[in-house]
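**Student:** please work out how this folds:
(chains A and B)
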Number of protein chains: 2
Amino acid sequence: MQIPVVQKVLAANDLIAEELRAQFEESGLFVVNLLGSPGAGKTSLVERTLERVRRLKIGVIEGDLATSLDADRIACFGVPVVQINTGGACHLDAAMVRKALESLDASGLDVLLIENVGNLICPAQFDLGEACKAVVCSLPEGDDKVLKYPAIFSLASAVVLNKLDLLNHLNFNLPDFRRHLAELNPAAALMELSCLTGEGLDRWIEWLELGARNARELGGRLRSPARCRE
Amino acid sequence: MQIPVVQKVLAANDLIAEELRAQFEESGLFVVNLLGSPGAGKTSLVERTLERVRRLKIGVIEGDLATSLDADRIACFGVPVVQINTGGACHLDAAMVRKALESLDASGLDVLLIENVGNLICPAQFDLGEACKAVVCSLPEGDDKVLKYPAIFSLASAVVLNKLDLLNHLNFNLPDFRRHLAELNPAAALMELSCLTGEGLDRWIEWLELGARNARELGGRLRSPARCRE
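**Tutor:** Residues are numbered from 1 along each chain as shown, chains lettered A, B, ... in the order given. Down below sits the predicted model:
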């Protein structure tokens, strides 16, 4: 009984996601669905991005079970931001994003960053109409996460490995992590960085700028996340 | 359409969980449902527990989307262990535990540790027949996790705050974390420790030994997780 209903929910979600995707492509907006565990550093990555990117106009949608803590952090930067509280749901869905866009003026934006609920499993199933999924994970989570959560890593156009500053304080095997990702999803762009020290952030910013340029120039022809892979 | 089905699934789960709970209480077995984000250190906590506890017989059920990496780590200790691969599902349920118990001889055990799928949201909803839920979280996840994931922290009899060794390398406000937990769930036992250095592990071991003694002595009268709170 449960599985057919879940499939119906997913199919309904996909319809809305396709509407959103058409709308994003029409307006040349580059939309990134930011996924990751609680505390991986998704909000910190958005903050560092807003500090560093000057040539692009960026809007942000924040997804959380509860609180507006993350949106409050982002609002300090004076960019358009909307907080979605899922009230318990473990992922964002396309209808929530469509609703959030009623309160966020996306006209004139180059990039929309959607920070999903902290969860390495459920959000993978829900298309939000984004061009790319970017998974943020962090060294303290351990070097086995690609093996243990393959679904989400296999869908990622980009993988941001955060908290590189802690490398010397942890038993984290970086070559192993790289190898696991290369074997599962060789097309994913891996960016190793630290939102605390700023090390490695340039590559992430370049990736984002490239995606934004593609979205603007290719418009409706940017159908596949693969297009924004490096 | 979705919500009634989810309620039916939860009701079906609760029936099996109650059967399991009656069985665990009958045999005086102390069962702990270990919950937490990916990489919080649940498996490390189980390893350190098995190294330190001499007076109790402990069995382990490991839950993951994929791989038997965690069960392999535990098998080195020569204790009864079963790996459940959920094949994508974001939580364990009582039926999975009942099935796992067919392959794990629980007779003669004092404690059963069930390590749930790495997820700070969905596993909270699914009773596994345990006496207590213990949430493992870690300093690198940030000091705001109790506020952002209140459902799971409100159900915890114990909260293990792991990776205390990283305190000087992070912007983690320990008094804030303690205050958030005390306000949300004052009855939860908070244990701050490091699975790397061993600091603070004694209190966790004492909590576990106390729970095991209660389960053995109180048997069927140990109905509420509150009983094993300190």
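
**Student:** where does the residue nearest the centre of chain A land in three-state SS?
**Tutor:** What sits nearest the mean C-alpha location of chain A, by C-alpha atoms, centre = their mean, is A:Leu34, with 1.4 Å. Put simply, A:Leu34 is strand when judged by DSSP: H, G, I helix; E, B strand; the rest coil.

**Student:** wouldn't A:Asn116 be in contact with A:Ala89 here?
**Tutor:** No: using C-beta atoms under 8 Å, A:Asn116 makes no contact with A:Ala89, being 11.0 Å away. Placement of C-beta: from N, CA and C, glycine included.

**Student:** more crowded one of these two?
**Tutor:** A:Asn116 (28 against 18; other C-beta atoms under 10 Å in any protein chain shown).

**Student:** and the pLDDT at A:Asn8?
**Tutor:** One thing to correct before we go on: residue A:8 is Lys, not Asn. A:Lys8 carries a pLDDT value of 83.

**Student:** doesn't it belong to a helix?
**Tutor:** Yes: counting by three-state DSSP, one finds A:Lys8 located in a helix.

**Student:** what's the distance between it and chain B?
**Tutor:** Separation of A:Lys8 from chain B (C-beta to the nearest C-beta, to the nearest Å): 7 Å.

**Student:** ok, which residues in chain A are in contact with chain B?
**Tutor:** Neighbours of chain B within chain A, by C-beta under 8 Å from any C-beta of the partner chain: A:1-2, A:5, A:8-9, A:37-39, A:64-67, A:69, A:88, A:90, A:117-122, A:138, A:140-142, A:144-145, A:147-151, A:163, A:165-166, A:169, A:171, A:196.

**Student:** looking at the residues you listed, which are in strands?
**Tutor:** A:64, A:138 (DSSP state E).

**Student:** tell me which of the residues of chain A next to chain B fall in helices.
**Tutor:** Judged by DSSP state H, the subset of these located in helices is A:2, A:5, A:8-9, A:69, A:145, A:147-148, A:150-151.

**Student:** ok, these vs B:Val46, which is closest?
**Tutor:** A:Lys148 (15.3 Å; C-beta to C-beta).

**Student:** show me what contacts the closest one?
**Tutor:** B:38, B:64-67, B:69, B:118 (C-beta atoms under 8 Å, 6 or more residues apart in numbering or on different chains).

**Student:** selecting buried members of the residues you listed in ChimeraX, what would you type?
**Tutor:** Provided next is the ChimeraX selection string for whichever of the contacts of A:Lys148 are buried by 16 or more other C-beta atoms under 10 Å in any protein chain shown:
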select /B:38,64,65,67,118
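
**Student:** near chain A, list only the ones from the contacts of A:Lys148.
**Tutor:** Answer for the contacts of A:Lys148 near chain A (C-beta under 8 Å from any C-beta): B:38, B:64-67, B:69, B:118.

**Student:** would you format these as JSON lines with distance to B:Leu210 included?
**Tutor:** Formatted as JSON lines, the ones next to chain A among the contacts of A:Lys148 follow (distance: C-beta to C-beta, whole Å):
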{"residue": "B:Pro38", "distance to B:Leu210": "29"}
{"residue": "B:Asp64", "distance to B:Leu210": "29"}
{"residue": "B:Leu65", "distance to B:Leu210": "33"}
{"residue": "B:Ala66", "distance to B:Leu210": "35"}
{"residue": "B:Thr67", "distance to B:Leu210": "33"}
{"residue": "B:Leu69", "distance to B:Leu210": "31"}
{"residue": "B:Gly118", "distance to B:Leu210": "27"}
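
**Student:** as TSV, those residues with pLDDT would be great.
**Tutor:** Converted to TSV, these look like this (pLDDT from 0 to 100):
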residue	pLDDT
B:Pro38	97
B:Asp64	96
B:Leu65	94
B:Ala66	93
B:Thr67	95
B:Leu69	95
B:Gly118	97
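
**Student:** between those residues, which sits nearest A:Asn13?
**Tutor:** When these are compared against A:Asn13 (criterion: C-beta to C-beta), the nearest one is B:Leu65, at 20.8 Å.

**Student:** isn't the closest one right up against A:Phe153?
**Tutor:** No: using C-beta under 8 Å, B:Leu65 is not in contact with A:Phe153, being 11.1 Å away.

**Student:** return the helix or strand in chain A with minimum mean pLDDT.
**Tutor:** helix A:2-26 (a mean of 87; mean pLDDT, DSSP states H and E).

**Student:** other SSEs contacting it?
**Tutor:** With contacts taken as 3 or more C-beta pairs under 8 Å, 6 or more residues apart in numbering or on different chains; DSSP states H and E, helix A:2-26 sits against helix A:94-100, helix B:2-26.

**Student:** tell me the most buried of those helices?
**Tutor:** helix A:94-100 (a mean of 19; mean count of other C-beta atoms under 10 Å in any protein chain shown).

**Student:** against which helices or strands is that helix packed?
**Tutor:** helix A:2-26, strand A:58-64, strand A:81-85.

**Student:** how far off centre is the first one?
**Tutor:** Average the C-alpha atoms of helix A:2-26, do the same for its chain, and the two points are 18 Å apart (C-alpha atoms, centre = their mean, to the nearest Å).
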